[in-house]
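Chemist: I'll drop the sequence and a predicted model, then ask my questions.
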Amino acid sequence: MNLLIFESMLRYLYSEMSSEESAHFLLFVENNPAMMEQYARMKEGFDVLNNIKLSPAGSSIDHIMSYVALKGFSMQ
């Protein structure tokens, strides 16, 4: 897949295209089975990443708070 198509897929997934661009992109993908397969794989990964919930470890928060206290920053 060339870089332009890859970037277009990302722009579409992140809703960074105008409605006209989106329509042209979908038409292109729907008429190209290989691109449809690539898009489907990218969309699947995109959906998985969007559903991951991450939180910092308690020890990381403790380190940050210690640093803040050491440097005299105020949390107010």
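Modeler: It's in.
Chemist: phi, psi of S18?
Modeler: phi -70, psi 170 (degrees, to the nearest 10).
Chemist: So, low pLDDT: which residues of this structure?
Modeler: Applying pLDDT under 70 to the chain flags residues 74-76.
Chemist: what residue lies at the spatial centre of the protein?
Modeler: F46 (6.3 Å; C-alpha atoms, centre = their mean).
Chemist: doesn't R11 make contact with that one?
Modeler: No. Checked against C-beta atoms under 8 Å, the pair F46 and R11 is beyond contact range at 11.9 Å. Yep, even glycine has a C-beta here, placed from its N, CA and C like the rest.
Chemist: which parts of stretch 31-38 are buried?
Modeler: The neighbour-count check on stretch 31-38 (16 or more other C-beta atoms under 10 Å) flags 35, 38 as buried.
Chemist: any idea which element M35 lies in?
Modeler: Assigned by DSSP states H and E, M35 belongs to helix 33-50.
Chemist: Packing partners of that helix?
Modeler: helix 3-13, helix 19-30 (3 or more C-beta pairs under 8 Å, 6 or more residues apart in numbering; DSSP states H and E).
Chemist: Show residues contacting it.
Modeler: When contacts are defined by C-beta atoms under 8 Å, 6 or more residues apart in numbering, helix 33-50 is touched by residues 1, 5, 9-10, 13, 28-30.
Chemist: Restricted to buried residues, select those in ChimeraX.
Modeler: In ChimeraX syntax, the buried subset of the contacts of helix 33-50 is picked out as below (16+ other C-beta under 10 Å):
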select :5,9,13,29
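Chemist: Many thanks, I have nothing further to ask.
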